[in-house]
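Enquirer: sequence-free structure coming up:
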Ligand SMILES: NC(=O)c1ccc[n+]([C@@H]2O[C@H](COP(=O)([O-])OP(=O)(O)OC[C@H]3O[C@@H](n4cnc5c(N)ncnc54)[C@H](OP(=O)(O)O)[C@@H]3O)[C@@H](O)[C@H]2O)c1
């Protein structure tokens with residue numbers, strides 16, 4: 001498995017396992033332990049979660065697996081996130097120093113670990129003081145509770161603001177990108193990341209499974225092109241989507257959200273597929289959202 005150096009001290013597996021949907025997988029702890037080992041055996045050693053996933057249940061379930069088999073924790077890079085909360089069903093953000101510090105301690109407790117390898121601010125917070133949030137992240141890093149820090153879903157302005165406040169220590173932005181989502185191409189974030197040699201983690205690379213449902217016009221258009229290319233290479237369409245994401249020079253790391261190992265294997269298989277340069281553009285414009293000028 002290829003690895004990506006996101007800093008001098010931390011490398012992540014090129015293909016990452018995402019545990020957002022874990023609370024719906026109905027795994028026993030034993031089954032989760034087996035699933036985690038199967039990921040590790042494949043070289044997929046970076047595991048992604050967040051405080052808000054399953055209203056904290058996902059971190060708790062992962063913590064139970066780490067407790068059942070302590071050998072897992074030392075073999076992986078554990079990523080979690082903070083900043084999203086719910087009050088009486090109302091979702092909002094809180095990236096204030098005290099809240100970030102408290103969240104991190106609570107996540108460590110649920111996960112049963114003494115540190116996170118990477119800690120991310122989950123979403124852009126419109127009521128955000130970059131210097132206050134930076135203070136929290138730098139405190140956690142100094143205390144050894146998190147190895148590296150980063151963000152998720154940030155636009156270039158907020159990324160730049162926090163990056164300045166932490167003295168250049170943000171190592172990634174975890175963003176959505178798939179054949180029907182181009183938000184970060186259109187915001188200039190991809191250019192910012194490429195210019196600063198920062199490698200993004202990519203969530204919902206398969207649009208959360210929507211690509212395969214056939215009831216969405218943009219997905220149907222994108223899939224028609226992807227299937228043609230997949231037939232040429234003799235692989236499943238998902239392989240082409242992962243290959244398309246990993247073709248980009250920004251060295252993106254797709255997060256696989258499936259509970260099924262054969263679907264995780266499709267992302268790994270994509271490492272062996274080398275698309276033609278023009279095919280990247282065919283997929284880029286396939287849904288009809290992007291145009292080449
Ligand atoms: N930072 C953020 O704001 C953010 C937001 C969302 C997610 N994430 C992270 O990114 C990870 C991946 O996100 P995601 O789960 O949306 O990724 P995804 O891989 O795009 O979607 C996974 C979903 O697609 C389904 N699927 C996969 N292949 C399929 C196929 N051939 N046919 C039909 N359905 C298929 C999976 O079902 P099966 O399980 O049945 O295979 C699963 O429900 C998450 O686990 C989380 O760690 C981060």
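Expert: Noted; the coordinates are in hand. For clarity, every value in this text was computed on a predicted model and none was experimentally measured. Numbering: from 1, shown residues only.

Enquirer: which residue sits closest to the residue in the chain positioned nearest to the ligand in space, ignoring its chain neighbours?
Expert: Nearest residue of the chain to the ligand (Cβ to the nearest ligand atom) works out as residue 257 at 1.8 Å. C-beta: built from backbone N, CA, C; applies to glycine. Closest residue to residue 257 apart from its sequence neighbours, by Cβ to Cβ, 6 or more residues apart in numbering: residue 18 at 4.5 Å.

Enquirer: Stretch 28-42 and the ligand in contact?
Expert: No - using Cβ under 6 Å from any ligand atom, stretch 28-42 stays clear of the ligand, with a minimum separation of 11.2 Å.

Enquirer: pretty sure the residue of the chain closest to the ligand contacts residue 206?
Expert: Yes - shown here, residue 257 and residue 206 form a contact pair, counting by Cβ atoms under 8 Å, at 7.5 Å.

Enquirer: Can you give me the buried ones in the longest helix along the chain?
Expert: Counting residues, the longest helix in the chain under DSSP state H turns out to be helix 217-233. Residues of helix 217-233 classed as buried by neighbour count (16 or more other Cβ atoms under 10 Å): 218-219, 221-223, 225-226, 229-230.

Enquirer: Tell me where the stretch 151-293 of the chain has helices.
Expert: For the stretch 151-293 of the chain, the helices defined by DSSP state H, counting those that start in this stretch cover 156-165, 183-186, 189-195, 217-233, 237-247, 261-269, 277-286.

Enquirer: got the angle between the longest helix of the chain and helix 237-247?
Expert: Computed by axes from the mean of the first three to the mean of the last three Cα atoms, to 10 degrees, the angle separating helix 217-233 from helix 237-247 equals 90 degrees.

Enquirer: other SSEs contacting helix 217-233?
Expert: helix 237-247, helix 277-286 (3 or more Cβ pairs under 8 Å, 6 or more residues apart in numbering; DSSP states H and E).

Enquirer: Could you export these as a markdown table, including distance to the ligand and mean neighbour count?
Expert: Shown next, in a markdown table, are these (distance: least, Cβ to the nearest ligand atom, whole Å; neighbours: other Cβ atoms under 10 Å):
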| stretch | distance to the ligand | mean neighbour count |
| --- | --- | --- |
| helix 237-247 | 6 | 24 |
| helix 277-286 | 15 | 16 |
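
Enquirer: Adding distance to residue 192, write those helices out as CSV.
Expert: Shown next, in CSV, are the helices and strands packed on helix 217-233 (distance: least, Cβ to Cβ, whole Å):
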stretch, distance to residue 192
helix 237-247, 18
helix 277-286, 19
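
Enquirer: With respect to residue 113, which of the ones you listed lies nearest?
Expert: Proximity to residue 113 (Cβ to Cβ) singles out helix 237-247 among the helices and strands packed on helix 217-233, at 28.7 Å.

Enquirer: got the angle between that closest one and helix 277-286?
Expert: 110 degrees.

Enquirer: between helix 237-247 and helix 261-269, how many degrees?
Expert: Using the same axes, to 10 degrees: helix 237-247 against helix 261-269 is 40 degrees.

Enquirer: neighbouring contacts of helix 237-247?
Expert: Helix 237-247 is contacted by residues 14-15, 177-179, 202, 205-206, 211-212, 223, 226-227, 229-230, 233, 252, 254, 263, 266-267, 269-271, 273-275, 279-280, 283 when judged by Cβ atoms under 8 Å, 6 or more residues apart in numbering.

Enquirer: how far does stretch 227-242 sit from the chain's center?
Expert: Its chain's C-alpha centre and that of stretch 227-242 lie 22 Å apart, by Cα atoms, centre = their mean, to the nearest Å.

Enquirer: tell me the mean pLDDT over it?
Expert: In this model, stretch 227-242 has a mean pLDDT of 98.

Enquirer: Check stretch 117-133 too.
Expert: 97.

Enquirer: Go through it and flag the buried ones.
Expert: 117-125, 128, 130, 133.
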